[in-house]
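Peer 1: heads up, no residue letters with this:
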């Protein structure tokens, strides 16, 4: 027995030792990557080598190769030419030589699969129709109008040359139907989206629905087509469109259906790569594309290409090619997938209602579901087969404009990927990172990638490691463990700085950055975090089930997230696709367990009234086996498959699941009514009597409010409407939009409320041909964790723009002409609030939160065998000191520091019940790992976290040496620690680059006890040497580095601090100079002589600490 225990302990120590060694010195596989972008035709071998060697030097592990055309002048190397393929092969060989890796985008541009080799028959297609009205009985003979194609989502100007002609002329007949003429005044709402004609980008277009719900509109009988009376008269039409048909008595509508091209082209593709996107439903088009594109590039990599070396993956970027709803064999494929012929219901796609609104919506659901399955199986499946052919992995960004559920599409990837834009410089894509991590966790994928720090033109060389740390820590806590910086721009020339750009897009992350050779410690920090966060399994308590159907975007309950970026609260969660629950989930000991070992204590069903019989059966099985489930019973299937038996099955299964032992917990959906607006007032600009008539105009209404210090938001609901168009934002984040004042928008906005100051903005339009009533009304109710509330209502405290005046208060919610007594208040967030789910976990299941820190820390938790590793990060720029409770009952806590790779014991802690409480002190935005291990803790310390006391400050002037080749002074200057941008010397004021600060000093005995040096404030990164000893690079707050014992001496100490600032000041300065005198050479400079200079240099004060 003792031998067994000793062996188990020995194996654990060896495992923990390996875990720590890989944390301290991460393997190359843990390094962050880059998007390696090439501007059309601008590539050189020497530039490629320089790029890759520069990446390798600072700790970049690889890159995704993409070539695009976004307006940069075309270079000499034509896309897909023999020379181009040779150069791509060269890049792959160079990456292999350096021990780096390359992934290849799946086509020209940054998204999709297509090119000039894609024929119209293999391109994305729509079903279109034309109508002809006839009165019977009669003999009809005539040419039916040929249906016209729908305009491409991105417009006809994307179609150049022959592409436009092919789009206009391509047409293939599918079927000709005759239906009894009906009232045309009641089309299905949102038909273009429901029938997959268009799908706008969710990330960048306000108002795009994350979930498509069936309409409950009332339809008169004279607007309904009886499916039994739909006649297929295709055999009566000749190939030229001539129809000869004996028309029965009555009024008839003849529908000629055919398929045309969607017109979607590769984007933004090099000219030689411009062509149609491949059909996403069938295999022929994608198979031909991959043979043309991927096979030729793999061949360029040489016959000795080995899996895992050089070229290692294919990358499918965000879905930005819109949707399609037909293909050459779609009718037969639909029959195979849904079990019935779609033809009798095709009039729905022409705007008719067949049988009833429910049947028509079910058909559209079946259409979208079939499209989803075909995309996954035939399109992504073929790409994955091609990757396997060459031993490559497949990375997928499964969101934006796609006709599928994001979680379902993401499951096809080996490495699911999300995306986040630099904070303040782009779109709110954080949801995609939640989706990517959920896909990985529920499908057994250890690596979760993210297109990281993407930005728009507002970035303009303003980002650097320090400015990016907090957002990077958010991504790590959200589950991302493979950063792919967007972007590293290929620099074809060796002598131009800052050189080639991707136009205005992307964070500037390339070798031409001023601070590039000082960035290795930042990349090492990321690599350490990523390595540890790929081990074991994440810990989460709640599993949210995505609704069935497509397209669906998972939106976590806002109350389950904290702050502007959305940090997890104490009970963490994942989301899962219905296919995962059906095919991967089982019950064990009251939990949902997946094959990779992931488990969840609570399953939360979506707030929808439909469920397929198969999924309902699975939910019932899990309930019967002891899993705790929250949700309300469905009453029907969403599909026409096996109708009406499917509905009976669902109701029977639901009756059993929501009754008896361990019944499913009912979800208390809040009821909304006009009372949500009580106290709020209708307001408008003070112009006459707006309730009767107001000028056609646009107004902006704003209201600032503050969250009291110490208050924590538990929930927040905004109710708002307006006459007649509104767009609502809180703190710049989209909340709601609407065009019907009778439909009050009610939104959960807890995730958009910040500590301190906040602002609501309502952009309102009064539209029409002349003056008409105008007004807005809103009520925000915030509930805090202490039970108190705060209300912000429309009244005369708001401001109206463009001229900043108080608004005119018009009256209460029920005033004329807008009496909202009978208005609809559609408030149906997809899941219950965090408070409700957490109460079930705590009170019903007896489970405490995984971490409690008063919401001060962001976190994630990995279970690695017998080790528990919590990544924690201070959410504030201020010092955090407090007791943090972890849901851990065994093991000793340690601190693993990803900044240094060091670890030490946390000797002070206490254990009570389910938790271990550890006193934690973190500097502003500091982060690291609290690791619980059953083995003895290393390096016992006196306190959990050291405190530093200043013992001296270096005063007086410093010798500062600038680089003359970057426009700096030719000789060193003597100066105090000042901001370079405040200098009267233009060679300093507009300097961008590195400068070396030198100072000699003596150190009294008391100074020699210093254990650290603080640089005070640095703009923007600094490397430090003391007496020839490299102390490292300070790249973020608190700008502090350790000093090893014995480095300081009593006399003649020499301190050298190399500081790099940003390119901004030099770019501004160069706009004041003639072109031939400029230091910088770049394809994009947004700055003007009057632009604001950036603080630069070592600002200090420099102090020694102990």
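Peer 2: Arrived safely, thanks for sending. Note that this is a predicted model, so its numbers are computed, not measured.
Peer 1: ok, residue 688 to residue 811 distance?
Peer 2: As judged by Cβ to Cβ, to the nearest Å, residue 688 and residue 811 stand 15 Å apart. Every residue, glycine included, has its C-beta placed from N, CA and C.
Peer 1: again, but for residue 599
Peer 2: Distance of residue 599 to residue 811, computed by Cβ to Cβ: 55 Å.
Peer 1: ok, the two, which is more surrounded?
Peer 2: Set side by side, residue 599 and residue 811 show more neighbours around residue 599, with 20 against 14, by other Cβ atoms under 10 Å.
Peer 1: the more buried one pairs with what?
Peer 2: Beta bridges link residue 599 to residue 593 when assigned by DSSP bridges.
Peer 1: that one contacts residue 592, correct?
Peer 2: Yes: Residue 599 is within contact range of residue 592, at 6.4 Å (criterion: Cβ atoms under 8 Å).
Peer 1: how about stretch 612-627: buried residues?
Peer 2: For stretch 612-627, burial by neighbour count (16 or more other Cβ atoms under 10 Å) applies to 612-613, 615-620, 622-623, 627.
Peer 1: then stretch 476-494?
Peer 2: Quick answer for stretch 476-494 (16+ other Cβ under 10 Å): 476-492.
Peer 1: repeat for stretch 51-61
Peer 2: Buried-residue list, stretch 51-61, by 16+ other Cβ under 10 Å: 51-52, 54-56, 58-61.
Peer 1: want to throw these into TSV with secondary structure, distance to residue 88 and pLDDT?
Peer 2: As requested, these are exported to TSV (DSSP: H, G, I helix; E, B strand; the rest coil; distance: Cβ to Cβ, whole Å; pLDDT from 0 to 100):
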residue	secondary structure	distance to residue 88	pLDDT
51	helix	13	99
52	helix	13	99
54	helix	19	99
55	helix	17	99
56	helix	19	99
58	helix	23	99
59	coil	24	99
60	coil	19	99
61	coil	19	99
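Peer 1: residue 168: which of the residues you listed is nearest?
Peer 2: The closest of those to residue 168 turns out to be residue 51 (Cβ to Cβ; 42.2 Å).
Peer 1: separation between the closest one and residue 885?
Peer 2: Noted for residue 51: a distance of 47 Å to residue 885, by Cβ to Cβ.
Peer 1: please apply the same query to residue 466.
Peer 2: As judged by Cβ to Cβ, residue 466 and residue 885 stand 31 Å apart.
Peer 1: kindly report the same for residue 1024.
Peer 2: As judged by Cβ to Cβ, residue 1024 and residue 885 stand 37 Å apart.
Peer 1: next one: residue 563
Peer 2: 20 Å.
Peer 1: do residue 133 as well
Peer 2: Between residue 133 and residue 885 the distance is 73 Å, computed by Cβ to Cβ.
Peer 1: neighbour count winner among the two?
Peer 2: Using other Cβ under 10 Å, the more surrounded residue of residue 133 and residue 885 is residue 885, with 20 against 9.
Peer 1: assign a three-state SS to that one, would you?
Peer 2: Classification of residue 885 by DSSP: H, G, I helix; E, B strand; the rest coil places it in strand.
Peer 1: touching, it and residue 911? I think so.
Peer 2: No: with contact defined as Cβ under 8 Å, residue 885 does not count as touching residue 911 (10.2 Å).
Peer 1: list residues touching both of these two?
Peer 2: residue 917 (Cβ atoms under 8 Å, 6 or more residues apart in numbering).
Peer 1: isn't residue 1065 right next to residue 1094, touching?
Peer 2: Yes: using Cβ under 8 Å, residue 1065 makes contact with residue 1094 at a distance of 5.9 Å.
Peer 1: what about these two, which has more around it?
Peer 2: Relative neighbour count places residue 1065 above the other of residue 1065 and residue 1094, with 26 against 19, counting by other Cβ under 10 Å.
Peer 1: surely the more buried one is within a helix?
Peer 2: Yes: under three-state DSSP, residue 1065 sits within a helix.
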